[in-house]
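Chemist: give me a model of this one.
(one chain, ligands or ions: 2)
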Amino acid sequence: MVSNGDPAVEKSEFIQEIVRRNPSCIPERYHRREEDKAKYVDMSALAEDIPVLDLTLLSNGNKEELQKLDNACKDWGFFQVTNHGIAAEVLQGTKKATADFFNLPIQEKTKYSFHPEFKTGYGQPFPVAENEILDWSDSLLLLLGPSQNRFPNFGSCCKGAVEAYSDGIRKVTEELFGCLSLIMGLEKDTLLGLHEELTTVMQMNYYPLCSRPDQVLGLTSHTDLGTIAILMQDDDVTGLQIRHNEGWVPVKPLPNSMVMNIGDILEIWSNGKYKSIEHRAVTNETRERKSVGLFSLHTPQWKLNHWKTSWLPKSVVESTKRSSMVIISKGQSSEGSRGRNTS
Ligand SMILES: O=C(O)CCC(=O)C(=O)O
Ligand SMILES: [Fe+2]
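Modeler: Ligands and ions are numbered 1, 2, ... in the order given. Got it, this is the predicted structure:
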């Protein structure tokens, strides 16, 4: 446990508990630096430009939709997916399971505390430096596959809903990998095969309301290190923002759709053609927010223990990327993506 000298905030504490005790308290360790705040340029007007794609059309090989996918991955690195085949009840069931979990008393939630061996559970997954600014969110990580490595307590907490979602999302993931392989000029099953054994991690995020949202961040800006990430967010609270030029564009929820983004590994595999874009989550004064992220990782990356750049020093991120560099996109030189600077 790391203390910053502020008895109200031990590192092992959960922001949900801090807010429950005193909704107007913003402990020192959550205050953002001035330079982080200064970077902010509001680009909300561009929110409508974030592409929306129809997965059924994509899966049926609709050329126009596949072209839109190619443009979305090049220009935005993010898009929303509709017509994905997961029933609305399954999505709502997962959202309810997430809400039910975070509504449990703290003594119940800590029964699922983060387990270093299985790298899953409730709470801070990795060590935090003494002076590191903390995020205004709590999370629960679950390993969905490969099945033999599942978190042993997985069954008892949100079993039914998570399993139904997990089945649906696996199909969506496989369809997306198929479509991405095609637009990269590869055989349909290439990307899936490159994972060796596809590892899927689910992260449930809970962002309590915050009396001073301008002072904190729900989630520090980062890129996702895996191949793709699929996010389900609350239907009626906006919090996700993506980096665009010098500013941030909010990703407004479309009910029953999902947000997909390209991770660092797919950027590398595409030789830099598709972009892994920095993103973050903000909070607000009146509404709590929840989101459920699904991260597809290739097996060597899972063994590295990290799948978000905000959890790693920048130098480690760069060398991780270089060491996992396998460029498969046709017709491009392998030198192309090496020079890219993510800072
Ligand atoms: O909650 C969100 O909107 C963002 C979540 C996210 O980026 C993550 O979990 O990596
Ligand atoms: Fe992310």
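
Chemist: okay, now Ile18: neighbour count?
Modeler: Counted with other C-beta atoms under 10 Å, the neighbours of Ile18 add up to 18. C-beta here means a position set from N, CA and C on the backbone, and glycine is covered the same way.

Chemist: phi, psi of it?
Modeler: For Ile18, the backbone dihedrals (degrees, to the nearest 10) come out as phi -60, psi -50.

Chemist: next one: the one 3 residues further on
Modeler: As for Arg21, its main-chain torsions (degrees, to the nearest 10) stand at phi -70, psi -40.

Chemist: what is the burial count for it?
Modeler: Neighbours around Arg21, by other C-beta under 10 Å: 9.

Chemist: what's the answer for the one 10 residues further on, then?
Modeler: Applying the criterion other C-beta under 10 Å, we find 15 residues in the vicinity of His31.

Chemist: now it: closest residue in space that isn't a chain neighbour?
Modeler: Setting aside the residues directly before and after it, His31 is nearest to Gln215 in space (C-beta to C-beta, 6 or more residues apart in numbering), at 5.5 Å.

Chemist: go ahead and confirm the one you found touches Cys25.
Modeler: No: shown here, Gln215 and Cys25 do not form a contact pair, counting by C-beta atoms under 8 Å, at 11.4 Å.

Chemist: and the stretch 201-343 of the chain, which residues reach ligand 1?
Modeler: Taking C-beta under 6 Å from any ligand atom as the test, the list of the stretch 201-343 of the chain residues beside ligand 1 reads 203, 205, 219, 224, 231, 233, 239-240, 279, 281, 291, 293, 308.

Chemist: from those, which land in helices?
Modeler: Using DSSP state H, no member of these sits in helices.

Chemist: which ones among those map onto strands?
Modeler: Residues from these lying in strands, with DSSP state E as the criterion: Gln203, Asn205, Leu219, Leu231, Gln233, Leu240, His279, Ala281, Ser291, Gly293.

Chemist: ChimeraX command for the buried members of those residues?
Modeler: To isolate in ChimeraX the members of these that are buried, counting by 16 or more other C-beta atoms under 10 Å, one can use:
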select :203,205,219,231,233,240,279,281,291,293
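
Chemist: reformat the ones in strands among the residues of the stretch 201-343 of the chain next to ligand 1 as CSV; add pLDDT.
Modeler: Converted to CSV, those look like this (pLDDT from 0 to 100):
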residue, pLDDT
Gln203, 93
Asn205, 96
Leu219, 93
Leu231, 98
Gln233, 96
Leu240, 97
His279, 95
Ala281, 96
Ser291, 97
Gly293, 96
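
Chemist: need the ones in strands among the residues of the stretch 201-343 of the chain next to ligand 1 in CSV with distance to Trp76, can you?
Modeler: Listed next are these as CSV, based on distance: C-beta to C-beta, whole Å:
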residue, distance to Trp76
Gln203, 22
Asn205, 22
Leu219, 19
Leu231, 14
Gln233, 17
Leu240, 13
His279, 11
Ala281, 17
Ser291, 19
Gly293, 18
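
Chemist: what is the nearest of the ones in strands among the residues of the stretch 201-343 of the chain next to ligand 1 to Asn256?
Modeler: Gln233 (11.2 Å; C-beta to C-beta).

Chemist: look up the closest residue to that closest one, ignoring the ones flanking it.
Modeler: That would be Ser291: by C-beta to C-beta, 6+ apart, it lies 4.5 Å from Gln233.
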